[in-house]
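**Q** quick one, what's the 3D model for this:
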Amino acid sequence: MHFVKFQTVGAINFFVDFGILTLLNQGFGWPLVPSNVISYSCGVVNSFILNRFWTFKQKRRFFSRYFLIFVFVNLISLGVNTLAVYILGGLYGLPNIFAKLLASVFSFTVNFAGNKLLVFNQPEPLQDKNKN
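**A** Numbers count the residues shown, from 1 in each chain. Predicted coordinates for the structure are as follows:
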């Protein structure tokens, strides 16, 4: 079930990411790579919130070590995504939509593995029942 929910969140993130990429790159004329970094980062914030509360149902503090691991996983995924966008769109001249779609396949794989194995796999810490 995690995988299906993660895919749903990934689809939502893709639309957030691609929408902002299109706005920055085509609407404002920004270069492709900086536009991709900003748009992907917006998708990452959305991803953390949706995956934390819906996909993996974690109740830990927001800014915990898991958030830092999440950021690390997504920086790697961002690198994979941006490199693929640069190669496919910048070097090979594919239209942005196709470059972004293909890049998203690569980064999705890295992202799911990292989130499942490193970020959201930890058991909930034991709560002290005497603590209020």
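
**Q** alpha carbons only for contacts and neighbour counts from here, please
**A** Noted.

**Q** what ranges does this protein have for its strands?
**A** Applying DSSP state E to the chain gives no strands.

**Q** tell me, what residue is most central in it?
**A** When Cα atoms, centre = their mean is applied to the chain, the residue found nearest the centroid is Val44 (3.9 Å).

**Q** how far away is it from Gly93?
**A** Distance, Val44 to Gly93, by Cα to Cα, to the nearest Å: 26 Å.

**Q** then Ser107?
**A** Note on Ser107: its distance to Gly93, by Cα to Cα, is 20 Å.

**Q** OK, contacts around the closest residue in space to Phe14 that isn't next to it in sequence?
**A** Once flanking residues are discounted, Phe14 sits nearest to Gly43: 7.0 Å by Cα to Cα, 6 or more residues apart in numbering. If a contact means Cα atoms under 8 Å, 6 or more residues apart in numbering, then Gly43 has 13-14, 16-17 as its contacts.

**Q** do that again at 7 Å, thanks
**A** 13, 16-17 (Cα atoms under 7 Å, 6 or more residues apart in numbering).

**Q** how about the residues you listed in CSV, adding neighbour count?
**A** Shown next, in CSV, are the contacts of Gly43 (neighbours: other Cα atoms under 10 Å):
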residue, neighbour count
Asn13, 22
Val16, 19
Asp17, 25
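
**Q** inside helices: which ones of those residues?
**A** 13, 16-17 (DSSP state H).

**Q** what's the closest of the residues you listed to Trp54?
**A** In terms of Cα to Cα, no member of those lies closer to Trp54 than Asn13, at 13.9 Å.

**Q** hey, where'd the helices end up in the protein?
**A** 2-22, 32-50, 65-85, 96-114.

**Q** pLDDT below threshold where in the protein?
**A** 58-64, 122-132 (pLDDT under 70).
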